[in-house]
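[1] Sequence and computational prediction follow.
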2 protein chains.
Amino acid sequence: MFYLYVMKLQEAKQQFIQNWGALGTQWGINRTMAQIHALLLVSADPLSADDIMTQLKISRGNVNMNVRELLDWGIVEKVLIPGERKEYFSAEKDIWKVAMRIVKERKRREVEPILSALNELKEVEGDKNSKDVKVFVDTIGDIQKFANQASKGVDGLVRMDEHWFTGTLLKMFK
Amino acid sequence: MFYLYVMKLQEAKQQFIQNWGALGTQWGINRTMAQIHALLLVSADPLSADDIMTQLKISRGNVNMNVRELLDWGIVEKVLIPGERKEYFSAEKDIWKVAMRIVKERKRREVEPILSALNELKEVEGDKNSKDVKVFVDTIGDIQKFANQASKGVDGLVRMDEHWFTGTLLKMFK
DNA sequence: ATTATTTTTCAGAAAATTTTGAAAGTTCAA
DNA sequence: TTGAACTTTCAAAATTTTCTGAAAAATAAT
């Protein structure tokens, strides 16, 4: 009876980890990183590198690399257990915070660099009456305006979150 | 003099296409697809498969495959030019509409399937007082609630857009 | 029908990304 | 110090994704 129950939970976890990994892939996040995140999300207690290796059947190097990345994203943290030599890891469980972090980081790492690159492109020389030049300058301009606006929207959301969002709005999700 | 001007525009376009391709990659969209999209975005007139092949230096098969995908996403359309045998393609230039489409499609194709998969995972058998089971069920539940809420948010935005958003809010971006 | 033009398909090749595992590096207790 | 326990690094290997190009299929003109 106990055995049956353990099997079912493990099965469900496994299923979730696979799904999460596949979703990550489609969003440009490497499969293993998403799987480690999923594993930590559904683990009641922090896990060591060895635990992760065993559960996901992946190498030590792979665990190390991807855990470091998750720490960088700020959605997993190192947990030191008194009297233990090993490092343990646990994931932020508040899914709103996780989403916030990801959006914020992607903006910072990916959107902002591109935006500043686009800035330079507005200085195209040439006849402003040429259809080609006009379409180019307009398109770049529109993308910039859009991205800047979206960027501000994200900032607003994050700022709000830091005040009362988690306490108030999150309750709507519960 | 004319030559100089053409060079600069071409250079700027090239730059934009490369940037857009790189950004796409990081977001799980294949590089070529993003590049074709970028090329069409900054082209005043519709382009044929041959035009795209030449400008991006890629094969016919590659063009065909990725243009089909862009058509599927609904952000590029086929343009038939009277008296011409070839098919031409042009991109939706309203960047708000493009963003809307992408968000909507990603939701439909990627988020919804995962959500329904998560549904099945809530039926984990076992002692509801076990810490492991509790953490698992809670986490899955929170993700579902969050994703459902976000999903509704997207729907709302899309529905609004179909009424007055493009006409009204878009002006804020211009 | 026949032929010319254009589009689609898809197996194999190429490129890009991810993973491994062993060696090097750290850290800490004795 | 030494060495055991643990973490990090990174070149090479494995895997996954993307691309090519030629052949097949479709389409339209003659």
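    Sure thing, it's come through.
[2] from here on, contacts and neighbour counts on C-alpha atoms
    Noted.
[3] In contact with residue A:16, which residues?
    Contacts here follow C-alpha atoms under 8 Å, 6 or more residues apart in numbering or on different chains; on that basis residue A:16 touches A:38, B:118, B:121.
[4] Next up, identify which helix or strand it is on.
    Residue A:16 belongs to helix A:2-26 when assigned by DSSP states H and E.
[5] Helix or strand next in line after the host helix or strand of residue A:97, which one?
    Following DSSP H and E, one finds residue A:97 within helix A:95-106. Remark: after helix A:95-106, the chain's next helix or strand is helix A:112-121, criterion DSSP H and E.
[6] could you give the angle of that following helix to helix B:2-26?
    If you take axes from the mean of the first three to the mean of the last three C-alpha atoms, to 10 degrees, helix A:112-121 sits at 170 degrees to helix B:2-26.
[7] Would you mark the buried spots in helix A:112-121?
    By neighbour count on 16 or more other C-alpha atoms under 10 Å in any protein chain shown, the buried set for helix A:112-121 is A:114, A:115, A:118, A:121.
[8] For DNA strand D, tell me which of those show up nearby.
    Under the cut-off given by C-alpha under 7 Å from any atom of the strand, DNA strand D has nothing from the buried residues of helix A:112-121 close to it.
[9] Other residues contacting the helix or strand just after the helix holding residue A:16?
    With elements assigned by DSSP H and E, the helix or strand that comes after helix A:2-26 is helix A:31-41. Helix A:31-41 is contacted by residues A:13, A:16-18, A:20-22, A:24-25, A:46-47, A:52, A:56, A:63, A:66-67, A:69-70, A:76, A:89-93, B:139 when judged by C-alpha under 8 Å, 6+ apart.
[10] Quick check: PyMOL command selecting the buried ones in those.
    Selection of buried members from the contacts of helix A:31-41 for PyMOL, criterion 16+ other C-alpha under 10 Å:
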select buried, (chain A and resi 13+16+17+18+20+21+22+24+25+46+47+52+56+63+66+67+70+76+89+90+91+93) or (chain B and resi 139)
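[11] and DNA strand D, which of the contacts of helix A:31-41 contact it?
    Of the residues in the contacts of helix A:31-41, proximity to DNA strand D by C-alpha under 7 Å from any atom of the strand holds for residue A:25.
[12] and residue A:126, how many residues sit next to it?
    18 (other C-alpha atoms under 10 Å in any protein chain shown).
[13] okay but it is in contact with residue A:133, surely?
    Yes. With contact defined as C-alpha atoms under 8 Å, residue A:126 reaches residue A:133; the gap is 7.2 Å.
[14] Can you check which residues contact both of these two?
    Joint contacts of residue A:126 and residue A:133 (C-alpha under 8 Å, 6+ apart) are residue B:9.
[15] Cheers, nothing more for now.
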